[in-house]
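> Next comes the sequence, and after it the predicted model I'd like to discuss.
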Amino acid sequence: MSRIASIDLLRGLVILIMMVDHVRERFFMHTSVGDPINESVPHELYFTRYLTHLCAPIFIFLAGVSAWLYAHPKDNTYRSASGFLFKRGIFIILIEIVLYYLVWVDTIATTVWLQVLWAIGVSMIGLSLLCRLNVWFLGGLGLIIVFGHNALTPITFSPNEFGYVLWSILHDQNDLGEIAGLKFRASYPVLPWFGVILLGYCAGQLFASSVSTLKRRKVLLSLGLASFTVLFILRGFNIYGETLPWEVQATTLDTLRSFFNFSKYPPSLHYILITLGFGFFLLAWFDSLKKQGLLTKVLEVYGSVPMFAYVVHLYVLLAAYWILYPIFGATHGTRFGLDSVGEIWIGALLLIVLLYLPSKAFAEYKHREKRNKPWLSYL
């Protein structure tokens, strides 16, 4: 499968935004943002956290697009993606359980939080079982899940009831149980994310060689407008799609914060609409770019090796913390932390610069050797 620049650019942008969020998580843990975002959080932290909401939905949607492209290479010879998706899903879950846990073991101790990689991995496994079905059927199923899962919110199970573990995996954020003294918690309930990957798989058809750039851009822009239109109607009248209704606040800015404050765990319909809506617009914009500048080169590099960048940047942040802690000590409670949101952004910028050359070198190695070393496709 040859690479598509607009997909790499959007995926790269998501990686960079994700770095901002992980700098916040590593060095700004003394200020909790909650879900939905706490009303007491300062504006600059609110909007920084809100920007990072784009990451998971767009990344999972693009995983679906990439799965369709894998199954439909440019020579128009169909190949089943089932085996690849199943194995990659298992691989990603193992990264979540092992490598991600080791990154945060100093703060989470005996709990393994099953987060975005878990959601991606389980969604890939689910897609591997269904991807032989009609693509429009899968797109329709994705729409039903994304639009319908909020109606399931009243359904709950207590820990001793049959179905508790399955429902916790699918829809509720709960503890799943313990293995060898480690508690496992489903931080990213996977049902809505599975809907998102199905939508991405269906949307992969837009990137077929038979679809012109102009037509693709028109469809993407239409999808973005439709997402925002549905969102503003449903949210404006507090009809459906978000558990927490918005209310008029003392100031205009606070009212806007209330209006756009959506749930992520699990992602509400409104959360998915606004993030994928922006994703459609960004994808259409990247698809229209004719010239490459410095920023687009950086985005394309990071977007071509997302798993490598994801794993490496987490361990770089861990190393940075344990270098800075002995030097400056516990600046916030028992931990070292940054003093402002501006410092979060500066730290993220330094991280992006630091990892660019290693990511570029790995991207070149991966693209040069991937035919001889199939394991590289998992990174």
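Now that the structure is in, tell me what you want to look at. The structure presented is a predicted model; accordingly, all values stated were derived computationally and were not measured. Numbering: from 1, shown residues only.

> Now do stretch 142-157, average pLDDT.
Taken as a whole, stretch 142-157 carries a mean pLDDT of 95.

> Same check on stretch 287-307?
90.

> What residues sit buried inside it?
Of the residues in stretch 287-307, Asp287, Thr296, Val298, Leu299, Glu300, Val301, Tyr302, Gly303, Ser304, Val305, Pro306, Met307 count as buried by neighbour count, 16 or more other CB atoms under 10 Å. C-beta: built from backbone N, CA, C; applies to glycine.

> And for stretch 210-223?
For stretch 210-223, by 16+ other CB under 10 Å, it's Arg216, Arg217, Val219, Leu220, Leu223.

> which secondary structure elements does the helix or strand that contains Tyr365 contact?
Per DSSP states H and E: Tyr365 is located in helix 341-369. Secondary-structure packing of helix 341-369 (3 or more CB pairs under 8 Å, 6 or more residues apart in numbering; DSSP states H and E): helix 5-27, helix 43-52, helix 294-304, helix 306-328.

> what's the next secondary structure element after the second one?
The C-terminal neighbour of helix 43-52 among helices and strands, as given by DSSP H and E, is helix 55-71.

> Would you mind getting the angle between that next one and helix 294-304?
70 degrees (axes from the mean of the first three to the mean of the last three CA atoms, to 10 degrees).

> I'd like the next helix or strand past helix 55-71.
Counting by DSSP H and E, what follows helix 55-71 is helix 82-94.

> Which strands or helices does that next one pack on?
Counting by 3+ CB pairs under 8 Å, 6+ apart, helix 82-94 packs on helix 116-130.

> Please spell out which residues along the helix it packs on are buried.
116-128.

> Off-centre distance for whichever helix or strand Thr255 is part of?
Applying DSSP H and E as the criterion places Thr255 in helix 252-259. With CA atoms, centre = their mean, to the nearest Å as the basis, helix 252-259 stands 25 Å off its chain's centre.

> and that helix with helix 43-52, angle?
40 degrees.

> got any ranges where the protein has weak pLDDT?
Residues of the chain meeting the criterion pLDDT under 70: 1-2, 75-76, 105-109, 378-379.

> middle-most residue in it, spatially?
Ala56 (1.3 Å; CA atoms, centre = their mean).

> got the contact list for that one?
Taking CB atoms under 8 Å, 6 or more residues apart in numbering as the criterion, Ala56 is in contact with Val116, Ala119, Tyr188, Trp193, Lys264, Pro267, Thr275.

> and the gap between the second one and Leu220?
This points to Ala119. 24 Å (CB to CB, to the nearest Å).

> So Ile239, which state does it fall into?
coil (DSSP: H, G, I helix; E, B strand; the rest coil).

> so it sits right up against Ile233, yeah?
Yes - at 7.2 Å, Ile239 counts as touching Ile233 under the criterion of CB atoms under 8 Å.

> Next, work out how far apart the residue located most distally from the centre of the chain and Leu318 are.
The centre of the chain is farthest from one residue, Ile327, which by CA atoms, centre = their mean lies 33.6 Å away. Per CB to CB, Ile327 is found 16 Å from Leu318.

> Same question for Ser359.
For Ser359, the distance to Leu318 - CB to CB - is 18 Å.

> cool, and Leu276?
Counting by CB to CB - Leu276 and Leu318 are separated by 31 Å.

> The two: which is more packed in?
Between Leu276 and Leu318, counted using other CB atoms under 10 Å, Leu276 has the larger neighbour count: 24 against 16.

> who's in contact with the more buried one?
So Leu276 contacts Pro57, Ile58, Phe61, Val196, Leu199, Leu223, Ser227 (CB under 8 Å, 6+ apart).

> leaving aside the residues next to it on the chain, what's closest to the third one?
If I follow you right, that is Phe61. Leaving aside its sequence neighbours, Phe61 sits nearest to Gly200 (CB to CB, 6 or more residues apart in numbering; 4.0 Å).

> give me phi/psi at the one you found?
phi -60, psi -40 (degrees, to the nearest 10).

> Could you do the one 10 residues further on as well?
Main-chain torsions, Ser210, degrees, to the nearest 10: phi -80, psi -10.

> likewise Asp339?
Dihedral angles (degrees, to the nearest 10) for Asp339: phi -100, psi -20.

> quick revisit: could you check how far the residue nearest to the centre of the chain is from Ser359?
For Ala56 relative to Ser359 (CB to CB), the value is 21 Å.

> Need the buried residues of helix 116-130 in CSV (columns: distance to Met19).
Below are these laid out as CSV (distance: CB to CB, whole Å):
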residue, distance to Met19
Val116, 14
Leu117, 16
Trp118, 20
Ala119, 19
Ile120, 18
Gly121, 21
Val122, 24
Ser123, 23
Met124, 23
Ile125, 27
Gly126, 28
Leu127, 27
Ser128, 29
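
> Out of the residues you listed, which is nearest to Ser210?
Ser210 has its nearest neighbour among these in Leu127, at 23.0 Å by CB to CB.

> Hmm, Leu223 is touching Phe280, no?
Yes - using CB under 8 Å, Leu223 makes contact with Phe280 at a distance of 4.5 Å.

> Can you give the contact residues for stretch 335-343?
27-30, 42, 44-45, 48, 321, 324-325, 328-331, 344, 347.

> Can you point out the buried residues in stretch 317-326?
Leu317, Leu318, Ala320, Tyr321.

> Look up how far Glu343 lies from the first one.
Going from Leu317 to Glu343 by CB to CB gives 14 Å.

> Now do the phi/psi pair for Ile179.
The phi/psi pair for Ile179 (degrees, to the nearest 10) is phi -130, psi 120.

> what are the bridge partners for it, then?
Leu182 (DSSP bridges).

> Any idea how many residues pack against it?
Ile179, neighbours per other CB under 10 Å, totals 9.

> Could you measure from it over to Thr111?
Taking CB to CB, one finds Ile179 at 12 Å from Thr111.

> same check, this time on Phe194
24 Å.

> These two: which is more packed in?
Neighbour totals were compared for Phe194 and Thr111, and Phe194 leads with 26 against 16 (other CB under 10 Å).
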